[in-house]
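1. Got a sequence here, can you build the structure:
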Amino acid sequence: MRALMGLRDPFGLVLSAAAAVTLLAFQEGPLVAMLAALSVLVFRMAAAPLIDRWRPRPPSPPPQRFPPPPPGQPWYFPLTRRESEVAMLVAEGLTNREIGERLHSERTVDGHVTERGVDSHIQNIMNSLNMNRRTQISAWVTERRPRDTAIRPPTSR
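-> Okay, the predicted model is just below:
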């Protein structure tokens, strides 16, 4: 495979073409020019591993699973504040019922968010972040939230 990569080396191709054209200009014949071009390509392919060993490439940074938010946006962008609170509680490993008991709502009789409301929030989070599992939400929260904040959201009361 590496040999095939050597054939796509633009510098090697230019060198071999230059050698062939030079030999043709000196009227050495097409066979000699073709052999010289081929020898340049073979030398470039053989020298590539030695060059890589002598001058190693710097390691590439690990890819970011979740890109940072745009400048001026909160860490939980593109989620709403309530969705970020739900996402942090999902990261704690709580069930929908436990999340609903922790969150406050003015719209319900007992003052808590219903399980169905929590489920809707989680579905909205998954849709916004293009995810399909709660563990992905947990990983997103763990990577994106500021390190100095606790996982638990501030109480709304």
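2. Residue 38 versus the residue with the largest distance to the centre of the chain, what's the distance?
-> Relative to the C-alpha centroid of the chain, counting by C-alpha atoms, centre = their mean, residue 27 is the outermost residue, at 54.3 Å. Taking C-beta to C-beta, to the nearest Å as the criterion, residue 27 is separated from residue 38 by 19 Å. C-beta: built from backbone N, CA, C; applies to glycine.
3. Equivalent analysis for residue 55, please.
-> Residue 55 is 26 Å from residue 38, where distance means C-beta to C-beta.
4. Could you do residue 128 as well?
-> 57 Å.
5. likewise residue 74?
-> Distance from residue 74 to residue 38, counting by C-beta to C-beta: 61 Å.
6. Next: residue 124.
-> Going from residue 124 to residue 38 by C-beta to C-beta gives 62 Å.
7. how about the helices in this structure?
-> With DSSP state H as the criterion, the chain has helices at 2-7, 10-25, 30-54, 81-92, 96-102, 115-129, 134-144.
8. With respect to residue 108, which of the ones you listed lies nearest?
-> Taking C-beta to C-beta, helix 115-129 is the member of the helices of the chain nearest to residue 108, at 8.2 Å.
9. Averaged pLDDT, the closest one. What do you get?
-> Taken as a whole, helix 115-129 has a mean pLDDT of 93.
10. which residues sit against it?
-> 78-79, 82-83, 86-87, 90, 96-97, 99-100, 103, 105, 113, 131-132, 134, 136-137, 140 (C-beta atoms under 8 Å, 6 or more residues apart in numbering).
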